[in-house]
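> Give the three-dimensional model of this entry:
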Amino acid sequence: MKFLILGGNGYLGSKVTVELLKTGHEIFCTTRENSDLLRLKGYESQMTFIPVGADKIEHVLKTGGFDWILNMACNYGKGTVLYYSVIESNIVFPLAILDLAVKYGVKNFMTIGTGLPDRLNMYSFSKSIFSDFGKFYVEKQGINFVNMKLEMFYGADEPKDRFIPDCIMKMLQNKDVDLTPGRQKRDIIAVQDVIGAILCVIDSGIEGFQEIYVGTGEAPTIYELLTYIKRKTRSKSNLNFGVIPERIGEPDCIADITKLAELGYTCRYSWKQGIENMIGEVMENENLN
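Residues are numbered from 1 along each chain as shown. A predicted model of the protein is given here:
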């Protein structure tokens, strides 16, 4: 099949891109002028890169034959990022490409959404709005649109400033970890299982508008997760629960995996198995064995 992937050089996007390349699919991937292509090293010659810009993407889509567009790009709105940057990345840009998909007969569009409540923050709100546009296009234009509502995922090679790898590294170094009370429940899923779920949906022939929750169906509290990591790393770190105030409206998140099960997909790793594997890989990567 022929794919256009938005954000195929990101952490999750690059892993999906590589898996599709390995199975013989034709890949076109958008890039920005300052894009880091390190995660795609060794695969550059097997794919076509397109500079970000609706006009340039339209020129490629005109050639026809595309089976899927995968929207793997997003802006989490961290730090001092203004709301418009999130809106532009999570709504305006993918909406322009969704419009081009209809114009040039691309039947299938998948976007990576979030399992967080719709109005928790601008990231989840913008993802919800784009999904609503997808539903509208299904009803009015007859395309297929899949919103993969992704729970908190992790991997040994993910950016080290993310919550789980940051905590693992601190505990491996016996550093104290300041935390909220840790009462919130989180469905955490190994990145390998996220990739498996995405590929399963692509191969399923699913039609219409679909919201598919991607998680394990288990939801440990952050307290349970962090104390488990401490035990498995044999760390001497102090876990300072309650030092950081709990966020107002902090949600509990657990995926309803009914649709994934109906499609025949079952996660390979429980959260404990996945985290234990991740700790071992991090230790190996950091030469801490």
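
> contacts and neighbour counts: CA atoms only from here.
OK.

> Is it correct that Ser128 falls within a helix?
Yes - assessed by DSSP: H, G, I helix; E, B strand; the rest coil, Ser128 belongs to a helix.

> Now it. Nearest residue, chain neighbours left out?
Asp118 (5.8 Å; CA to CA, 6 or more residues apart in numbering).

> Could you count how many residues lie near the one you found?
For Asp118, the tally of surrounding residues (other CA atoms under 10 Å) stands at 15.

> OK, contacts around it?
Ser124, Phe125, Lys127, Ser128 (CA atoms under 8 Å, 6 or more residues apart in numbering).

> and those as a markdown table, adding distance to Phe136?
Below are the contacts of Asp118 laid out as a markdown table (distance: CA to CA, whole Å):
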| residue | distance to Phe136 |
| --- | --- |
| Ser124 | 19 |
| Phe125 | 17 |
| Lys127 | 15 |
| Ser128 | 13 |
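
> Closest one of those residues to Ile222?
Distances from Ile222 to the contacts of Asp118, taken as CA to CA, are shortest for Ser124 (20.1 Å).

> SS state for the closest one?
Quick answer, by three-state DSSP: Ser124 is helix.

> And it, how far from Pro181?
Between Ser124 and Pro181 the distance is 23 Å, computed by CA to CA, to the nearest Å.

> more neighbours, those two?
Comparing Ser124 with Pro181 by other CA under 10 Å, the one with more neighbours is Ser124, at 19 against 16.

> so that one touches Thr114, yeah?
Yes - taking CA atoms under 8 Å as the definition, Ser124 is a contact partner of Thr114 at 6.4 Å.

> next one: phi and psi at Cys253?
phi -130, psi 120 (degrees, to the nearest 10).

> which residues sit in contact with the closest residue to it other than its chain neighbours?
Counting by CA to CA, 6+ apart, the nearest residue to Cys253 once its immediate chain neighbours are dropped is Arg186, at 5.0 Å. Contacts for Arg186 were tallied using CA under 8 Å, 6+ apart; they are Glu151, Met152, Ala219, Pro220, Thr221, Ile222, Asp252, Cys253, Ile254.

> before we move on, what about Phe136?
Taking CA under 8 Å, 6+ apart, one finds nothing in contact with Phe136.

> Please, which helix or strand holds it?
Element membership of Phe136, judged by DSSP states H and E, is helix 122-141.

> and if you look at Tyr76?
Here Tyr76 is assigned to no helix or strand, by DSSP H and E.

> dump the residue contacts of the residue lying closest to it once chain neighbours are set aside.
Distance criterion CA to CA, 6+ apart; nearest residue to Tyr76, sequence neighbours excluded, is Tyr123 at 5.3 Å. Residues counted as contacts of Tyr123 (CA under 8 Å, 6+ apart) are Asn75, Tyr76, Gly77, Val86, Asn90.

> same question, Asn287
Here Asn287 is in contact with no residues (criterion: CA under 8 Å, 6+ apart).

> if we go to 10 Å?
By CA atoms under 10 Å, 6 or more residues apart in numbering, the contact set of Asn287 is Glu281.

> Just give me how far stretch 52-70 sits from the chain centre.
Mean-position distance between stretch 52-70 and its chain equals 22 Å (CA atoms, centre = their mean, to the nearest Å).
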